[in-house]
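In: Give me a model of this one.
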Amino acid sequence: MDLGEILRVLRKRWYIVVPMLLLAVGLGIGVFVKVPTTYSTYTMVSLLTSPAATKAASSQTGQGQDNPFLYLNGSLIATADFLGRRLQSTDTVLQLKSQGLTEEYEVALAENAQGPFLTITLKGTDKEHLLTSAAQLSTFAETTLNEIQQRNNVAEKDRIKLIQVIPPQTPKVETKAKLKPVIVIAGGTAALAFVLAFMVESISRSRRRKAALAETPAEPTVAGSASAMPDIEGTVVLQLPPKVAAVPPAPAPAPAPEKSSDVEKTQRIQVPPRPAATTTSQKESPQPARPKLSTTYQSNVDRGGQNANRVNGS
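Out: Okay, the predicted model is just below:
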């Protein structure tokens with residue numbers, strides 16, 4: 001089915017397509033209004049070495065400075081990953097919900113970072129509460145880190161610290177989360193409109209075809225031939241004749257006597273007999289008879305002893 005046929009069907013079944021499309025638009029607008037707007041914000045924290053480790057490192061380097069920001073070593077990255085996994089555990093999520101933090105959040109190492117930085121992302125529908133939850137989660141992360149070290153009998157001077165690098169940012173609208181249900185509802189309704197239009201068209205064609213076949217008188221068909229009946233849609237329906245039972249082959253005729261190659265390659269010509277040598281004119285006017293030789297005679301006169309039986313003229 002080409003594009004022209006699709007457009008003809010949609011134009012023909014407009015009373016199905018148009019209301020369904022209007023319904024799709026209405027449902028899309030309704031979902032967009034009813035679905036609450038989702039906002040997102042984030043904050044970033046970092047781990048710092050303990051005071052004792054900072055003092056030891058400064059004495060080794062000879063700088064004589066107790067600045068923890070100068071010694072962000074690789075061990076702190078492993079500790080930050082450990083803390084992030086702890087904050088996303090099921091027990092921690094339930095504990096935070098009991099404390100009023102109902103937003104969804106995610107804790108992960110900062111991308112393209114060269115230090116122990118954790119990014120905390122939160123999503124919610126209330127902008128003010130979202131900012132409060134972000135600050136609450138940052139404080140909870142610091143408390144959790146201290147509790148873990150305290151349970152493992154880490155001295156105060158050897159404990160890793162946590163500070164906030166980026167405070168909670170102004171919440172932004174999550175457009176994707178807003179439009180996703182709208183696209184699903186409106187797109188599904190529009191697709192249903194096309195399916196219904198083609199389904200109704202298919203049923204209608206099938207009924208018209210059956211009605212045309214019922215009204216057409218049956219014509220006798222000869223075995224071995226096929227009759228064609230034009231369809232109302234411009235196609236041709238071929239009615240094939242019933243299969244004829246197989247007939248056993250007739251015995252092969254006896255081979256004809258073999259003829260010579262001359263007979264097969266030449267043709268006999270019957271030549272009429274030649275006419276008599278004499279023509280009609282000759283028959284009508286016969287030639288005068290040639291004078292016959294004189295007969296012998298006998299002379300009564302004696303001719304000096306010559307032969308008397310000589311032919312005349314000799």
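In: For E103, what are phi and psi?
Out: According to degrees, to the nearest 10, the main-chain angles of E103 amount to phi -80, psi 160.
In: Equivalent analysis for Q99, please.
Out: Dihedral angles of Q99 (phi, psi; degrees, to the nearest 10) stand at phi -90, psi 0.
In: wait, what's in contact with it?
Out: Listed by Cβ atoms under 8 Å, 6 or more residues apart in numbering, the contact partners of Q99 are Q136. Heads up, the C-betas are built off the backbone N, CA and C, glycines and all.
In: Q114: which element?
Out: If you go by DSSP states H and E, Q114 is not part of any helix or strand.
In: for it, what are its contacts?
Out: L72.
In: Equivalent analysis for T38, please.
Out: The contact partners of T38, by Cβ under 8 Å, 6+ apart, come to 123-125, 173-174, 177-178.
In: most neighbours, which of those residues?
Out: For the contacts of T38, the largest number of neighbours (other Cβ atoms under 10 Å) sits with G124, at 23 neighbours.
In: That one pairs with what?
Out: Listed by DSSP bridges, the beta-bridge partners for G124 are Y39.
In: what's the answer for V107, then?
Out: The residues listed as beta-bridge partners of V107 by DSSP bridges are I120.
In: Burial check on it, number of neighbours?
Out: Using other Cβ under 10 Å, V107 has 21 other residues around it.
In: And it, how close does it get to I148?
Out: Distance, V107 to I148, using Cβ to Cβ, to the nearest Å: 15 Å.
In: Could you pull out the helices in this protein for me?
Out: For the chain, applying DSSP state H gives helices covering 3-12, 14-34, 51-61, 74-87, 90-98, 127-151, 175-215, 261-265, 280-284.
In: May I see these arranged in CSV, with mean pLDDT as well?
Out: Putting the helices of the chain into CSV (pLDDT from 0 to 100) gives the following:
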stretch, mean pLDDT
helix 3-12, 85
helix 14-34, 90
helix 51-61, 77
helix 74-87, 90
helix 90-98, 91
helix 127-151, 92
helix 175-215, 88
helix 261-265, 44
helix 280-284, 44
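In: could you dump the ones you listed to a markdown table with distance to I163?
Out: Output for the helices of the chain, formatted as a markdown table (distance: least, Cβ to Cβ, whole Å):
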| stretch | distance to I163 |
| --- | --- |
| helix 3-12 | 63 |
| helix 14-34 | 41 |
| helix 51-61 | 14 |
| helix 74-87 | 12 |
| helix 90-98 | 20 |
| helix 127-151 | 8 |
| helix 175-215 | 31 |
| helix 261-265 | 117 |
| helix 280-284 | 153 |
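In: With Y42 as the reference, name the closest of the ones you listed.
Out: Y42 lies closest to helix 127-151 among those, at 7.4 Å (Cβ to Cβ).
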